[in-house]
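Chemist: okay, structure incoming, though there's no sequence with it:
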């Protein structure tokens, strides 16, 4: 058995011993094996995990997040424009996020783990600022020392997932999320769509917005418009660009607005596939 294989196998054993449900992925990839069931295959069974490493030399390992793991994850894409600025703005408004168990991604993002609250269940499909995401029931995150090769198009950064501070302490290192962040995880209706906003909420959303809140506001408005104008994507995009020009001080560059629209479209497609 090679040193590399020992490292990956030992990491999988470590997670399983701490009751973190894990599943395997091909080395270098974030996509589950063809024919597998992804996070539905997650297990803490030692014999099953040992079998995985008898079949291949190296494997990536991911955790199924949510109630079964005892935590949910705030996924922060700091490599996207404006995300760190928007987080600073939210923390200035509501108070800082607590220190918690955190992993760094190959592209420079962060996975911040928060203790699962059964009274406030989190899913992977909620309204959050652009470049923010959640991984809860139905989601998963890659675990150290998993390696991502950058993908087929080569547009993503290659590298390993790494825990801050060394070996993770799942028992004592995961903080409770502050109440305010749950306000941004707007609950969905049974159809999978977010509850309709009142006229007063729309009026507030249309107010001018300055630096520190532009990305969040455009992402929110784009999400609402794309969801409601499903077959009129061009019209939704024009309205978002118009809001940026008229209400953002100063307006964001068009290419940043385009990236937000692109990201929102991807999120809506994921929701559609989940509820279709």
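Modeler: Perfect, thanks for sending it. Note that the structure is predicted; figures quoted are calculated from it, not measured.
Chemist: check which helix or strand the closest residue to residue 159 other than its chain neighbours maps to.
Modeler: Of all residues not flanking residue 159 in the chain, residue 106 sits nearest, at 3.3 Å (C-beta to C-beta, 6 or more residues apart in numbering). Every C-beta, even on glycine, is put in place using the N, C-alpha and C of the backbone. For residue 106, there is no enclosing helix or strand under DSSP states H and E.
Chemist: near residue 106, how many other residues are there?
Modeler: Neighbours of residue 106 under the rule other C-beta atoms under 10 Å: 20.
Chemist: ditto for the one 5 residues further on
Modeler: Each residue near residue 111 was counted by other C-beta under 10 Å, and the total is 23.
Chemist: quick revisit: check the residue nearest to residue 159 and give its pLDDT.
Modeler: With respect to pLDDT, residue 106 scores 94.
Chemist: low-scoring stretches of the stretch 51-200 of the chain, by residue?
Modeler: 124-127, 152-155, 186-200 (pLDDT under 70).
Chemist: which residue ranges of it form helices?
Modeler: 83-94, 179-182, 199-205 (DSSP state H, counting those that start in this stretch).
Chemist: can you list the buried residues in the shortest one?
Modeler: Buried residues in helix 179-182, counting neighbours by 16 or more other C-beta atoms under 10 Å, are found at residue 181.
Chemist: likewise for the first one?
Modeler: Neighbour-count burial for helix 83-94 flags 83, 85-87, 89-90 (criterion: 16+ other C-beta under 10 Å).
Chemist: end-to-end on stretch 73-83?
Modeler: End-to-end distance of stretch 73-83 (C-alpha to C-alpha, to the nearest Å): 16 Å.
Chemist: got the contact list for it?
Modeler: 65, 84, 87, 97, 107-114, 129-136, 139, 141, 157, 177, 181, 214-215, 252, 256, 259, 263 (C-beta atoms under 8 Å, 6 or more residues apart in numbering).
Chemist: tell me the pLDDT at the residue lying closest to residue 16 once chain neighbours are set aside?
Modeler: The shortest distance from residue 16 to any non-neighbouring residue, by C-beta to C-beta, 6+ apart, is to residue 44 (4.5 Å). We have a pLDDT of 96 for residue 44.
Chemist: in TSV: the buried residues of helix 83-94, plus distance to residue 220.
Modeler: Shown next, in TSV, are the buried residues of helix 83-94 (distance: C-beta to C-beta, whole Å):
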residue	distance to residue 220
83	14
85	16
86	11
87	15
89	13
90	13
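Chemist: about what we covered before: put the buried members of the contacts of stretch 73-83 into a PyMOL selection.
Modeler: To isolate the buried members of the contacts of stretch 73-83 in PyMOL, using 16+ other C-beta under 10 Å:
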select buried, resi 65+87+97+107+109+110+111+112+113+114+129+130+131+132+133+134+135+136+139+141+177+181+214+215+252+256+259+263
